[in-house]
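>>> Next input, structure requested:
(one chain, ligands or ions: 1)
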Amino acid sequence: MHSLTTLLVASLATLALTKPVPQITTKGFSVTGTVAKPLPAYPVRLARVYEKYGKPVPSNIAAAAAAATETGSVPAIPEESDVAYLSEVNIGGQTLTLDFDTGSADLWVFSSELASSYTEGHAIYNPNKSKTAKKLNGATWKIRYGDGSGASGDVYTDDVEVAGITVKGQAVELASKVSSQFLQDPDNDGLLGLAFSSINTVQPKPQTTWFDTAAAQGLFAKSLFTVDLKQGAPGTYDFGYIDSSKYTGKITYTDINESQGFWEFTGTGYGVGDGNFQEQDIDAIADTGTTLLLMDDSIVEDYYSQVDGAEVDQQQGGYVFPCSAQLPDMILGIGSGQATIPGGLMSLGAVSRGSSSCFGGLQSNQGVGLSIYGDIFLKAVLAVFDADNKRFGFAPK
Ligand SMILES: Cc1noc(C)c1CN(C)Cc1cc2n(n1)CCN(c1cc(N)ncn1)C2
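Numbers count the residues shown, from 1 in each chain. So this is what the prediction gives:
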């Protein structure tokens, strides 16, 4: 960066830290007198300028950015057989456990607007019991997921706390209808979408995800979150920072294409066990809301051809194999690196209690043309969803 720019940035930095500035609140401007309380955005924006040009962030700016922004971590608790992972969220003083989903962009909840026969066993959100709820008049939503499940209803805004970080005025979509798949899952009180807000289903005006609302309010020094899921054990979602103790080696990044609203990238190929790596473009999304690893039939058939006794079980709806089988590792090329999914993670366990037949973690994407790198993949890595730089990263752990 040549001297003029340095001078400019430095003067901006000084300005931001000394000049009394109007305190922007959600209700517009109010001047806070002579107290020089820099806008959260300034030091954060300044830190980003330095980062953008690959320069070290001066300690006073980094300190100001850190003081003005938030980070947080929340456990991700696996449901039975790791079919989904649930995390606590507080909405207007009410605690629910939601499925954080990087494959969708609606924050919806089981609510007081559902028939009580549908809410048994669930925590529900009742806006009439919240001091901060406001109805978003005229707004409705309706979502359909890849497996045919879905829900619909109307919309309020309220204060939503995730990982100790509170976002004011967040759109909360109340379910007045949910499909049968959700009724079978008593611990799941709804979803918190972490895909791009461009695919939010609220009409007439789509709303932003909790993460995008928080980022727009300048709450994060770095607009990114990490996902650390584990097989049969609690993991974490971290917001605004990368915890270096959660991975080994280095993080490998690949650019994402957000035009479909997903964390979508082009994988570089795959390998089965210690076999040859097959270089091929794989259009993939990183999706915490999908249990499995869903890929093209050719790859699925290649993988199970190396598993003795593996076969398609129509009744179970996919490949099964003897639970005694030694499963090969699955290697996924991403960016300049390769993610290894150990064979032990490539199973969802016995198809039913006591059965010796196990359900494969890798299944067909039914030819939809997109591969879905779901929880089976995410259990093998520390995943970084970096919105600032429009990139997805992974590291061994
Ligand atoms: C998950 C899951 N899988 O088997 C069961 C049972 C569950 C849990 N149970 C509540 C049923 C269910 C179905 C869905 N979910 N939960 C979460 C959202 N869904 C997604 C998200 C997404 N990104 N992509 C595809 N579908 C479908």
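>>> so D154 is in which element?
Here D154 sits within strand 150-162, counting by DSSP states H and E.
>>> quick one: strands adjacent to that strand?
Partners of strand 150-162 in the sheet, by DSSP bridges, are strand 85-91 (antiparallel), strand 134-144 (antiparallel), strand 165-178 (antiparallel).
>>> which residues touch the most centrally placed residue in the chain?
Central residue of the chain (CA atoms, centre = their mean): T102, 3.6 Å from the mean position. Contacts for T102 were tallied using CB atoms under 8 Å, 6 or more residues apart in numbering; they are 194-195, 227, 262-263, 285-289, 385. Any C-beta I mention is one placed from the backbone N, CA and C, and that applies to glycine too.
>>> and if we set it to 10 Å?
Residues in contact with T102 (CB atoms under 10 Å, 6 or more residues apart in numbering) are 193-196, 209, 211, 225, 227, 237, 262-263, 285-290, 374, 378, 383, 385, 392.
>>> Redo the strands paired with strand 150-162 as JSON lines? Include mean neighbour count.
Below are the strands paired with strand 150-162 laid out as JSON lines (neighbours: other CB atoms under 10 Å):
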{"stretch": "strand 85-91", "mean neighbour count": "22"}
{"stretch": "strand 134-144", "mean neighbour count": "15"}
{"stretch": "strand 165-178", "mean neighbour count": "22"}
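>>> mind checking which of those is nearest G349?
Among the strands paired with strand 150-162, the nearest to G349 by CB to CB is strand 85-91 (15.5 Å).
>>> how far is that closest one from where the chain is centred?
Here the centre of strand 85-91 is set off from its chain's centre by 13 Å, with CA atoms, centre = their mean, to the nearest Å.
>>> repeat for stretch 185-202
10 Å.
>>> Over to stretch 299-312?
30 Å.
>>> So for it, what gets flagged as buried?
Within stretch 299-312, the residues scored as buried using 16 or more other CB atoms under 10 Å are 299-300, 302-304, 307, 310.
>>> same deal with stretch 332-342?
Neighbour-count burial for stretch 332-342 flags 332-335, 337-339, 341 (criterion: 16+ other CB under 10 Å).
>>> do stretch 121-133 as well
For stretch 121-133, using 16+ other CB under 10 Å, the buried residues are 122-125, 127, 130, 133.
>>> From those, pick the one nearest the ligand.
Nearest to the ligand, judged by CB to the nearest ligand atom, of the buried residues of stretch 121-133 is H122 at 10.9 Å.
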